[in-house]
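In: Just need the structure, nothing else, for what follows:
(one chain, ligands or ions: 1)
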Amino acid sequence: MSITAENITWKVGKKVIVDNVSLAVSQGQTVGLLGPNGSGKSSLLRILAGLRRPHSGTVAVDGKSITGIPKKQLARRVAFVEQHGMTDANMRVRDVVKLGRIPHHSPFSGWTAQDDETVTQALKTVDMLHHSEQGWLSLSGGERQRVHIARALAQMPTEILLDEPTNHLDIHHQMQLMQLISQLPVTSIVAIHDLNHASMFCDALIVMQKGRVVASGTPQAILTEELLWEIFRVKTRIELSPDHGKKHIHFLV
Ligand SMILES: Nc1ncnc2c1ncn2[C@@H]1O[C@H](COP(=O)(O)OP(=O)(O)OP(=O)(O)O)[C@@H](O)[C@H]1O
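Out: Purely as a prediction, here's the structure:
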């Protein structure tokens with residue numbers, strides 16, 4: 001298994017935010033994390049990224065608990081694209097993406113042509129190469145999001161965690177990004193609200209409600225009209241798309 005979590009619980013005061021969550025994601029899989037607002041998706045992702053210590057339970061990569069992995073080593077393999085990622089306002093786009101290379105360098109190792117190539121490639125992948133010299137502050141919301149994703153790609157991770165990465169993106173870039181994530185030879189866990197994207201692009205889904213995992217499995221198996229009513233209180237009609245063969249959700253009013 002590429003990344004596993006066993007019986008993770010995280011609380012704030014007495015409030016249980018992540019409640020005894022276990023999951024196992026195998027190498028190269030793209031897993032969508034679904035659930036209503038406040039169900040604990042971001043909190044769980046922060047724990048999986050090693051940014052927050054759970055009160056109980058363990059997170060492991062390749063079977064090794066992340067508490068035993070030095071921070072820099074963990075940063076070399078696990079990338080995290082946060083929902084509201086912060087960036088120093090005065091930086092140029094290319095310099096933001098260069099930050100992704102930091103875990104791969106010691107204080108004495110120099111910047112190489114290979115690093116430059118990796119950064120260029122990451123910018124190209126998210127369609128931002130032509131903005132390389134632009135200042136961060138002048139970017140639109142969607143462009144900032146794409147730069148954050150480029151930074152994560154420049155990290156060349158083996159696991160990538162993304163918190164609502166298509167937020168702010170126009171539909172072209174939403175599709176492009178979801179396709180990219182699903183095709184990356186990297187283990188990906190993606191918090192996502194668009195159920196049709198989850199169906200089209202994810203190998204498996206984990207559904208959270210009130211901090212707990214209430215369903216998991218392939219999109220085909222778990223995306224049902226009953227589950228969507230139960231979890232989101234929306235009426236739907238689900239059919240197999242004649243175009244891509246995956247489940248397509250129609251929302252009813
Ligand atoms: N540091 C904190 N202190 C207090 N409450 C917190 C803290 N972090 C998260 N919470 C609460 O935990 C719950 C889960 O939050 P979280 O951001 O993980 O949900 P989410 O599923 O990612 O939601 P969304 O879909 O809105 O992004 C929310 O009720 C939130 O208010």
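
In: State whether R212 and D19 are indeed in contact, as I suppose.
Out: Yes - contact criterion C-beta atoms under 8 Å: R212 and D19 qualify, at 4.7 Å. For every residue, glycine as well, the C-beta is placed using N, CA and C.

In: which residues do these two both contact?
Out: G40 (C-beta atoms under 8 Å, 6 or more residues apart in numbering).

In: which residue packs closest to T120, ignoring adjacent ones?
Out: Using C-beta to C-beta, 6 or more residues apart in numbering and skipping the chain neighbours, the partner closest in space to T120 is L129 (6.7 Å).

In: Next to the ligand, which bits of the stretch 1-150 of the chain? Give me the list.
Out: Residues of the stretch 1-150 of the chain lying near the ligand by C-beta under 6 Å from any ligand atom: V12, I17, G35, N37, G38, S39, G40, K41, S42, S43.

In: doesn't Q209 make contact with the third one?
Out: Yes - distance between G35 and Q209: 5.9 Å, which falls inside the contact criterion (C-beta under 8 Å).

In: what do these two both touch?
Out: Taking C-beta under 8 Å, 6+ apart as the contact rule, G35 and Q209 both touch I231.

In: Looking at the two, which one has more neighbours?
Out: Shown here are G35 and Q209; by other C-beta atoms under 10 Å, G35 has more neighbours (24 against 18).

In: show me the contacts for that one.
Out: K41, V207, M208, Q209, I231.

In: since we're on the last one, how many residues are nearby?
Out: Burial measure for I231: 17 neighbouring residues, criterion other C-beta under 10 Å.

In: Now it: phi and psi?
Out: Dihedral angles phi and psi of I231 (degrees, to the nearest 10) take the values phi -90, psi -40.

In: Was I right to think it contacts I206?
Out: No - if you go by C-beta under 8 Å, I231 and I206 don't touch, sitting 11.9 Å apart.
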